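1. Build me a model:
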Amino acid sequence: MFNLLKDSPETIALFGGSFDPPHLGHLSVIEESLKILEIDKLIVVPTFLNPFKTTFHASPQKRLKWSKELFGTISKVFISDYEINQGKATTTIQTLTHFQEQFYVKYIIIGADNLASIQKWHDFKQLNEKIIWIIATRESHELKTSVLKNFRLLQIDVNISSTEIREKTKKGTK
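-> Below is the predicted model of the structure:
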């Protein structure tokens, strides 16, 4: 018997970011997403360079390696080198378009800290029409979701950021 579902593209969520460095907050986002989203795969996409930044702290290859070490053994999680292989800042719409060639991209996972600038994202209106936003809550960030067409909240109670980790590392504390 012919199985339509077998020939359908896999349903995925994309979780992009600098991961400079990846940390337990990111891990919590991934684990919680896998619990609540009906997806075949969650693809983690470390950036070569965030389009809103001019530098990175750890090299793209090092951040990719760290991401593979921290997230790569989790069932249904795939770490993609797509943006890093571009060798430049890559917009979310470009990454979405790339993965849509092979998958049904239903969700894009972002941190609540991204909401303040989300309308500045390249082709935000097109992104907003195509996907469901998964917003990972962060204690110190307000949830201004009025511009989002379709979204779900992901309750994350880990109070940590890559910036905080880098600052503590510079000071020699952990």
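
2. which stretches of this protein aren't confidently modelled?
-> Along the chain, segments meeting pLDDT under 70 span 1-7, 158-174.

3. now the strands for it?
-> According to DSSP state E, the chain carries its strands in the segments 11-17, 41-46, 77-79, 104-111, 132-136, 151-154.

4. Looking at these, which is nearest to residue 58?
-> Proximity to residue 58 (C-beta to C-beta) singles out strand 41-46 among those, at 10.0 Å. C-beta: built from backbone N, CA, C; applies to glycine.

5. Can you tell me who residue 12 pairs with across the strands?
-> On the basis of DSSP bridges, residue 12 is bridged to residue 41, residue 105.

6. what about it, distance to residue 108?
-> Going from residue 12 to residue 108 by C-beta to C-beta, to the nearest Å gives 10 Å.

7. Residue 39 too?
-> On the measure of C-beta to C-beta, residue 39 and residue 108 end up 12 Å apart.

8. Now the common contact residues for the two.
-> residue 13 (C-beta atoms under 8 Å, 6 or more residues apart in numbering).

9. Neighbour count: these two, which is higher?
-> Neighbours around residue 39 and residue 108, counted as other C-beta atoms under 10 Å, are more numerous at residue 108. The numbers are 22 against 19.

10. ok, residue 48 - how many residues close by?
-> Neighbours of residue 48 (other C-beta under 10 Å): 22.

11. How much space separates it from residue 128?
-> 24 Å.

12. same check, this time on residue 98
-> 18 Å.

13. same deal with residue 109?
-> Residue 109 sits 15 Å away from residue 128, going by C-beta to C-beta.

14. Check residue 78 too.
-> Distance from residue 78 to residue 128, by C-beta to C-beta: 25 Å.

15. more neighbours, those two?
-> The residue with more neighbours, out of residue 78 and residue 128, is residue 128; 17 against 14, by other C-beta under 10 Å.
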